[in-house]
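In: give me a 3D structure for the following:
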Amino acid sequence: MPGSSALITKHTVGNALVLHARERISAEARSVALAVHKDPENDIVILDLQNELPFDIWDAVAGALRRRRRGIRLIVCGAHPETGALAGQWLSERLGCPVVTPFGRMITAAAGTLFVHAEDRGGWVRYRRGRAPVWQSKRYPAPAWDGAAIGYLPVSSTGAVEPLPGGVWIRDNRDEIVTAEHWQRLTATVPCQPSAMAVVLGCPGTDPLSLNDIARFWRGLAPEGREHARFVQYGPVALPAGASLGQVLADLLTTPVVVFTGVPVGKPDSPEMFTVVADGSQGWQVFVQELAYRPRESPASAAPTPRILSHSAPKMLGEQIGPRTYQYAPDAVVEVVQAGLWLRALEAPGHADRVRALTVNPESVELIIDDADPAMADRYREMAGDLAARLDRATRERTMMRLSSVAVHLGQQTPEAAGDAEGATYLYSRAALLGDLGHQEPDTGTVPEMAPAPARPERTTVLPKPEVVAPPVEPTVWTMPRDARFAPMAPAFLPAGEPAGDDATAPAAHFQETPVEEARGLPPARGLDKERAWLRGEFSREFDTASSTLSHILAEHPALQSGADALADAVAVHLYLSSSGDGLDKALRSGEPGGQVAFARCVVAGLTHLPSHRGVTYASAEVTAADLRELAGRKVLTDWSFTNALSERPANLPGNIEVLLWSTSARRTHLLEPEGEYGVPTRVLFLPGTTFKVLEVLDPVGGGRGRLLLRELAADEPGYGEKVPFDDLTLSALYRHVARSSASGPSVRVPQPAVGRFVRVPGVT
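Out: Alright, predicted model coming up:
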């Protein structure tokens, strides 16, 4: 129609020609035009259709696109997805040139990839005059593996494979609300790499992915998919205890496999990779990015060491002088290993392969300090501190240091040593990551000194003693009489004022037993809806009062605003720290189900959003000589209530024993502390179930106080009864801290109503 092309305005934006009938290009069309990649075969045309257009608009579009020598890749914005397919067929006939357009909903994914999603194999379709349409690709630009990852595929009654812009996702299909949220995240962040198809395994918040589902997917995977597959763990996978994902997959599929050590994000040609923590949030940026695993020669044979295919090193490491090895100083190199960075001598020690075999911890970067040569240990510690301080802030905050001897001792056990009769897997055990000795504020980026420890008093020998496991008890009870929510506040370890004499008839300490799951104050996998409802009903008046106060605090601290229930969880912490929490810990230590469990679980949920504290913490106790002997004979102390401690040395806690606890995960509560006589700004809380290793028990001498020195253990740290180098390092740090605080004197006073919370030995009823 003459003059119809005047209805359309043409503008070149980025790599696209935008045709629009309105005065301005829509935000959607502009965003696509700026993101889309240049097409070597077709002109990219975006039709910006925003409803209520003239009836002869299509004649105007055809007029604007006449005399084109190349094909057209057509993208329609602001209209139903079917409009693009109809326009593609019509324009190919009208203009006599090929037109490629999406069939299905087009999504602009990470790094400008255009991904077409539909229930029935959606994708880019090519239309030509007088010929049937031809399906071309799922993604644009199309990677080498595109045809192997195009449709939704059930692999079991509970598992499915779903295409992503960057690959495929094998996940549980029973909770569509949870998976939809994570699908959006993966679609927006994981780039489409030309030669690497990300096979994302599992979904946070769902049941572990079955290995059978992975095997069924692999059996049906096209050759180009197998060639380019890169497995990456995103959620829980049903792996044997202690086994590595890559080795299990290589043995299961009986073929070499390649594993990404993190989820790729960023540019397709050079992505960054980040670990994924338990809730699906981003962990740390890994240095080793790809690992190749080979199947075992036989089920009983040792697993081959995985081969590192690619890595990315921090810029400050210096000149590269060997494979993943950098000259950091004239007498030291830094080697990039799976677990993080290894600072060592120029010549690798004999245990090098065992350090290199340490697997990635999603929660933290390991900075391993070589101590094969004792004469150089202090020098390497000093350099490790310098290196840690120079890392970027995000990495530095997740960096933990440990000696290579600890890594060798605890990091890897052979099946024979572990008593595994089948010899099917190596058992990789994670040691406690207890670097930053003497480090009080984790967000400062400072690194502790490692000076020799002062001379120590005579120590009481620590002997191992087995833990006792409680028998099962009745199910959880969700109601309690309002006037008897909890027992009165737990008393001190022993009655105050009882002398620590050598009384053989004194009652022995009663250590806590391991409660059944229904009596533990840790959040269950099913969520906390029941617990939060109980808390709101039981403390309705207190809950409403605290909510109005805490909503302002949460608004000022975005880190506390995680999830829809952030306010409820913060209120739970606040109530526990106030008089409402009196007696909760004693009730938890009883090992019985009840309302105290619901309360505690909500408190734990709130504490996880608070900052952690690494370093020395203080408490006290009144202990008899007989009880000291009992404590000296313990291997570990596990407390199933909250352990209250102070980040600074107190001036007014009663008791004849000073309790020093080395913390790696206790939470600082100052943001949620109540005002008035219950508020303790320097308080830290250890969560229920925290285990402490008994390092030293020192008797009171000459009217002075004795000391109980404890080290927090990681939940998966093996060999509780074995002495490891970090025990001595922790003791050194504790004694240096005591020496400094003794010179300056106690620095805080605890309000009297709250004193009782800090006068107790962890793990004792």
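In: what residues are up against Thr638?
Out: Counting by CB atoms under 8 Å, 6 or more residues apart in numbering, Thr638 touches Glu467, Gln512, Thr514, Gly689, Thr690, Thr691, Phe692, Pro762, Gly763. Backbone N, C-alpha and C define where each C-beta goes, glycine included.
In: so it belongs to a strand, correct?
Out: Yes. Checked against DSSP: H, G, I helix; E, B strand; the rest coil, Thr638 lies within a strand.
In: partner residues bridging it?
Out: Thr691 (DSSP bridges).
In: for Asp279, the count of nearby residues, please.
Out: When counting by other CB atoms under 10 Å, one arrives at 10 neighbours for Asp279.
In: hmm, it is touching Arg185, no?
Out: No. In this structure, Asp279 is not within contact of Arg185 by CB atoms under 8 Å, at 11.9 Å.
In: most neighbours among the contacts of Thr638, please name it.
Out: Ranked by the number of neighbours (other CB under 10 Å), the contacts of Thr638 place Pro762 first, at 27 neighbours.
In: low-confidence regions, this structure specifically.
Out: Residue ranges of the chain with pLDDT under 70: 1-6, 51-55, 119-120, 410-508, 558-559, 561-564, 716-722, 724-725, 743-746.
In: distance of Ala600 from Leu575?
Out: 11 Å (CB to CB, to the nearest Å).
In: same deal with Arg73?
Out: 60 Å.
In: same check on Ala332?
Out: Taking CB to CB as the measure, Ala332 falls 52 Å from Leu575.
In: when the two are compared, which one has more neighbours?
Out: Leu575 (25 against 20).
In: I figured the more buried one hits Phe543, correct?
Out: Yes. Under the criterion of CB under 8 Å, Leu575 makes contact with Phe543 at 7.5 Å.
In: hey, what's in contact with both of the two?
Out: Shared contacts of Leu575 and Phe543, defined by CB under 8 Å, 6+ apart, comprise Leu535.
In: name the nearest residue to Ala568, ignoring sequence neighbours.
Out: Distances taken as CB to CB, 6 or more residues apart in numbering put Arg532 closest to Ala568, at 5.2 Å, once the chain neighbours are dropped.
In: go ahead and list the helix or strand containing Asp727.
Out: Assigned by DSSP states H and E, Asp727 belongs to helix 725-744.
In: and for Gly679?
Out: Using DSSP H and E, Gly679 falls within no helix or strand.
In: so how far is Pro753 from it?
Out: According to CB to CB, Gly679 and Pro753 sit 10 Å apart.
In: now Glu347: phi and psi?
Out: Backbone geometry at Glu347, expressed as degrees, to the nearest 10, gives phi -90, psi 130.
In: so Pro204 makes contact with His182?
Out: Yes. With contacts counted by CB under 8 Å, Pro204 reaches His182, the gap being 6.7 Å.
In: shared neighbours, these two?
Out: Tyr234, Gly235, Gly280.
In: in stretch 334-345, what's buried?
Out: Going by neighbour count (16 or more other CB atoms under 10 Å), the buried part of stretch 334-345 is Val334, Glu335, Val336, Val337, Gln338, Ala339, Gly340, Leu341, Trp342, Leu343, Arg344.
In: ok, the second one - contacts?
Out: Which is Glu335. Contact analysis of Glu335 by CB under 8 Å, 6+ apart lists Arg324, Thr325, Tyr326, Leu341, Trp342, Arg344, Ala348, Arg356.
In: so it, which state does it fall into?
Out: Applying three-state DSSP: Glu335 is strand.
In: how close does it sit to Ala313?
Out: Taken as CB to CB, the span from Glu335 to Ala313 is 10 Å.
In: and if you look at the third one?
Out: Spatial separation of Val336 from Ala313 under the definition CB to CB is 5 Å.
In: and what of the fourth one?
Out: The gap separating Val337 from Ala313 is 11 Å, by CB to CB.
In: so what sits against both of these two?
Out: Contacts common to Val337 and Ala313, judged by CB under 8 Å, 6+ apart, are Arg324.
In: Arg356 contacts Val337, correct?
Out: Yes. Checked against CB under 8 Å, the pair Arg356 and Val337 is within contact range at 5.1 Å.
In: per the record, what domains does the protein have?
Out: Domains of the chain are assigned by automatic domain parsing as 4-140, 151-312, 314-431, 482-758.
In: still on that earlier bit, which one of the buried residues of stretch 334-345 sits closest to Asp269?
Out: For the buried residues of stretch 334-345, the residue nearest Asp269 by CB to CB is Val336; the value is 20.6 Å.
In: what about the closest one, distance to Ala243?
Out: 24 Å.
In: burial of Arg629, as a residue count?
Out: Neighbour tally, Arg629, other CB under 10 Å: 17.
In: how near is it to Ala509?
Out: Relative to Ala509, and taking CB to CB, Arg629 is found at 9 Å.
In: and the residue sitting nearest the centre point of the chain, what does it touch?
Out: In the chain, the centroid-proximal residue (CA atoms, centre = their mean) is Val277; its distance is 2.0 Å. When contacts are counted by CB under 8 Å, 6+ apart, Val277 touches Gly283, Pro362, Glu363.
In: JSON lines for those, including neighbour count and distance to Arg683?
Out: Listed next are the contacts of Val277 as JSON lines, based on neighbours: other CB atoms under 10 Å; distance: CB to CB, whole Å:
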{"residue": "Gly283", "neighbour count": "20", "distance to Arg683": "28"}
{"residue": "Pro362", "neighbour count": "17", "distance to Arg683": "29"}
{"residue": "Glu363", "neighbour count": "15", "distance to Arg683": "24"}
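In: list just the nearest of these to Val13.
Out: Distance to Val13 across the contacts of Val277 (CB to CB) is lowest for Gly283, with 37.2 Å.
In: surely that closest one touches Val265?
Out: No. Applying CB under 8 Å, one finds Gly283 not in contact with Val265, separated by 11.9 Å.
In: shared neighbours of these two, anything?
Out: Phe274.
In: any idea how far Pro700 is from the closest residue to Val680 other than its chain neighbours?
Out: Leaving aside its sequence neighbours, Val680 sits nearest to Ala754 (CB to CB, 6+ apart; 5.3 Å). Distance, Ala754 to Pro700, by CB to CB: 25 Å.
In: same thing with Phe543?
Out: 44 Å.
In: same check, this time on Thr664
Out: Thr664 is 28 Å from Pro700, by CB to CB.
In: please tell me I have it right and Glu658 contacts Pro700.
Out: No. Using CB under 8 Å, Glu658 makes no contact with Pro700, being 9.7 Å away.
In: overlap of the contact sets of these two?
Out: Common contact partners of Glu658 and Pro700 (CB under 8 Å, 6+ apart): Gly706.
In: regarding this protein, what is its longest strand?
Out: The single longest strand within the chain, with elements called by DSSP state E, is strand 657-668.
In: okay, now the sheet partners of that one, with direction.
Out: strand 612-621 (antiparallel), strand 683-686 (antiparallel), strand 706-713 (parallel).
In: the first one vs helix 725-744, what angle?
Out: Meaning strand 612-621. 70 degrees (axes from the mean of the first three to the mean of the last three CA atoms, to 10 degrees).
In: CA atoms of strand 612-621 as PDB?
Out: Below are the C-alpha coordinates for strand 612-621, written out as PDB (Å, rounded to 0.1, in the frame of the first residue of the first chain):
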ATOM      1  CA  SER A 612      29.800 -14.600  63.000                       C
ATOM      2  CA  HIS A 613      32.700 -14.200  65.400                       C
ATOM      3  CA  ARG A 614      36.100 -15.800  65.100                       C
ATOM      4  CA  GLY A 615      38.400 -15.800  68.000                       C
ATOM      5  CA  VAL A 616      38.400 -16.000  71.800                       C
ATOM      6  CA  THR A 617      35.100 -15.900  73.800                       C
ATOM      7  CA  TYR A 618      34.600 -16.000  77.600                       C
ATOM      8  CA  ALA A 619      32.300 -17.600  80.100                       C
ATOM      9  CA  SER A 620      32.800 -19.000  83.700                       C
ATOM     10  CA  ALA A 621      31.800 -21.800  86.000                       C
END
